[in-house]
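[1] output the structure for:
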Amino acid sequence: MRYTEMNKEQLAAEKARLEQQLGEYKSKGLKLDMSRGKPSPDQLDLSMEMMDHYGNEYVSENGTDCRNYGLLDGIPEAKAIFSEMLGVPADQIIIGGNSSLQLMYDYVIRALQLGVMGSDKPWCKYDRVKFLCPSPGYDRHFAICESLGIDMITIDYKPDGPDMDEVERLVSSDESIKGIWCVPMYSNPTGISYSDEVVRRFAALKPAAKDFRILWDNAYCVHHLSEDQDKILNIIEECEKTGSPDMVIEFASTSKISFPGSGIAVIAASKANIDFIKNQLAFQTIGYDKLNQLHHVQYFKDMNGIMEHMKLHAKIIRPKFEAVLSALETEIAPLGIGEWNSPKGGYFISFNALEGCAKRIVGLAKEAGVVMTGAGASYPYGKDPRDSNIRISPTYPTVDELKLAMEIFCVCVKLASTEKLLGE
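    Okay, the predicted model is just below:
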C-alpha cells in the first residue's frame with residue numbers, strides 16, 4: 001500500500017516498525033561510504049599496466065623530449081586522441097595537467113583577473129558577476145563560484161536538460177550573467193544527457209554580455225554503462241553554425257578513465273579562444289606533464305583503445321547501478337515516496353524524496369553508518385529549495401557493501417516519509 005493511502009494509525013505502526021529496524025542496523029557499527037563518485041580499487045587496477053610503460057621511452061612523435069620544458073599545449077599524439085574523443089580539431093585543444101577541475105578554476109579566475117577574449121575589462125571590474133547553475137548539479141562547480149564571490153542563479157532541470165526558456169530569458173536580459181555550468185552527458189547527478197534541441201538552443205543563445213561563456217564540462221562523454229548509449233551534439237560545431245564559435249569552452253579528462261589525480265585534462269574551444277588562453281597560460285606554466293601524456297598514449301594508443309578500456313569499467317560499474325535501482329524499485333516504488341533516474345552512463349543516481357525529507361534521510365543513514373553526499377550539495381550554496389534531492393554514488397563500494405547500504409538507505413527513506421506524512 002502506498003504511504004499516502006495509509007491512515008494515521010497505519011503510518012504510526014509502520015514508523016514504529018522502521019525505527020526498530022533502523023536500531024538493529026545502528027547496533028552493528030557499520031561504516032559504509034557512498035559520499036563521493038570515486039572509482040573503486042577494481043577500476044583503478046584496470047590501468048595498472050600503464051605503469052609498465054614508465055620505461056626509457058620519452059620522445060614524442062614530433063621529436064620533443066618529454067622530459068624537458070616546452071609544448072605548452074601538449075604533445076601531438078595526446079591531442080589526436082582527444083580530438084577524436086571530442087570531435088574537435090587538434091589545433092583547438094590544449095592538453096593540461098591532471099585535473100579538469102583545476103583547468104575550470106583557472107579559467108574562471110583568469111576571467112575575473114584578466115578577462116576573456118573579447119571582453120572590455122576583467123570580470124572583477126563589474127559590480128556583480130553571476131553564473132547560471134542548472135541544478136541538481138556538480139557541487140564543485142558551485143564551490144568555484146562561491147569561493148570566488150560569483151553570484152549563482154539556480155536553473156531547474158527538465159527531462160532533456162536545463163530549462164532553456166529560463167536560460168534564454170536570463171542570459172539575454174542581464175549583462176552581469178557571464179557564464180553557465182553544464183555537464184551535458186550523463187549529467188552529475190541527474191544522469192540526463194542534453195537533447196539535440198537543448199544543445200542547439202545553447203548554441204543559439206544571444207547573451208546580453210558579449211563575454212558570456214558556456215562552460216561545457218564533458219566529464220562523462222565515454223562513461224557508458226552498456227551498448228545502449230546516449231549521444232549528444234557537438235557543441236563547438238553547433239556554436240560555429242550559429243556564428244558564435246567563441247561562446248563555449250569545453251573540458252574533459254581521463255580522471256575516471258585511467259587514474260584520478262594522475263590522468264590528463266583538456267580544454268577545447270574555438271581556435272581564437274585557444275590562442276588567447278595559450279597566451280595567458282604562458283605566464284603560468286612552461287608546459288604540463290608531457291611524460292604522463294606520453295604514457296597515456298603509449299598505453300591506450302588511440303580512441304578505440306579508450307573505448308575498449310571503458311567497457312571494462314562498465315563491467316565493474318553496471319552491477320552496482322543495478323543493485324541500487326533494484327533496491328529502489330523493490331522497496332520504494334510501491335510506496336510512492338520517491339523518484340529517481342535510471343541513467344545509461346556516468347557515476348550517479350539522483351534520488352528525489354518527498355519534499356522536506358532529504359536532510360532527515362541523510363542524517364538517519366549517517367546514524368546507521370552509511371555516509372552519503374550531504375543533502376543540498378547538488379544546489380548552489382548547498383541549499384535545495386525543496387530539500388528533496390539526494391545524490392547516490394554507487395561506484396566505490398563493493399556490490400555486497402552497496403546492497404547493505406541500500407537496505408539501510410531504503411529504511412531511512414521510509415522512516416523519514418512516515419514522519420513527514422504524520423506531520424512530525
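
[2] report the helix or strand with the lowest average pLDDT across the chain.
    strand 32-34 (a mean of 90; mean pLDDT, DSSP states H and E).

[3] buried residues of that one, list them for me.
    32, 34 (16 or more other C-beta atoms under 10 Å). All C-beta atoms are positioned from the backbone trio N, CA, C, and that covers glycine.

[4] got a list of contacts for that strand?
    369-373, 392-394, 396-397, 401-402, 404-405, 408 (C-beta atoms under 8 Å, 6 or more residues apart in numbering).

[5] ok, so of these, who is nearest residue 173?
    Within the contacts of strand 32-34, distances to residue 173 taken as C-beta to C-beta reach their minimum at residue 373, with 33.5 Å.

[6] now the chain, which segments are flagged as low pLDDT?
    Within the chain, the ranges that satisfy pLDDT under 70 run 53-55.

[7] longest helix in it, by number of residues?
    Once the chain is assigned using DSSP state H, the helix that runs over the most residues is helix 303-331.

[8] given the helix or strand following it, what are its sheet partners and their directions?
    Sequence order places strand 338-340 as the next helix or strand after helix 303-331, per DSSP states H and E. If you go by DSSP bridges, strand 338-340 pairs up with strand 349-353 (antiparallel).

[9] next, the angle helix 303-331 makes with the partner strand.
    Interaxial angle of strand 349-353 relative to helix 303-331 (axes from the mean of the first three to the mean of the last three C-alpha atoms, to 10 degrees): 20 degrees.

[10] what's the next secondary structure element after strand 349-353?
    helix 358-367.

[11] from the chain's centroid, how far away is that following helix?
    Relative to its parent chain, helix 358-367 has a centroid offset of 23 Å by C-alpha atoms, centre = their mean, to the nearest Å.

[12] send me that helix as PDB with only the CA atoms.
    Extracted as PDB, the C-alpha positions of helix 358-367 are listed here (Å, rounded to 0.1, in the frame of the first residue of the first chain):
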ATOM      1  CA  ALA A 358      16.400  14.800   2.200                       C
ATOM      2  CA  LYS A 359      18.300  16.100   5.100                       C
ATOM      3  CA  ARG A 360      16.500  13.800   7.500                       C
ATOM      4  CA  ILE A 361      17.200  10.800   5.300                       C
ATOM      5  CA  VAL A 362      20.900  11.600   5.000                       C
ATOM      6  CA  GLY A 363      21.100  12.200   8.800                       C
ATOM      7  CA  LEU A 364      19.400   8.900   9.600                       C
ATOM      8  CA  ALA A 365      21.600   7.000   7.200                       C
ATOM      9  CA  LYS A 366      24.700   8.500   8.900                       C
ATOM     10  CA  GLU A 367      23.500   7.400  12.300                       C
END
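
[13] which outside residues touch that helix?
    Defining contact as C-beta under 8 Å, 6+ apart, one finds that helix 358-367 is touched by 22, 26, 353, 371-376, 384, 387-390, 408-409, 412-413, 415-416, 419.

[14] report the buried residues of it.
    Residues of helix 358-367 classed as buried: 358-362, 364-365 (neighbour count, 16+ other C-beta under 10 Å).

[15] closest to residue 200 out of these?
    Within these, proximity to residue 200 (C-beta to C-beta) peaks at residue 358, which comes in at 33.5 Å.
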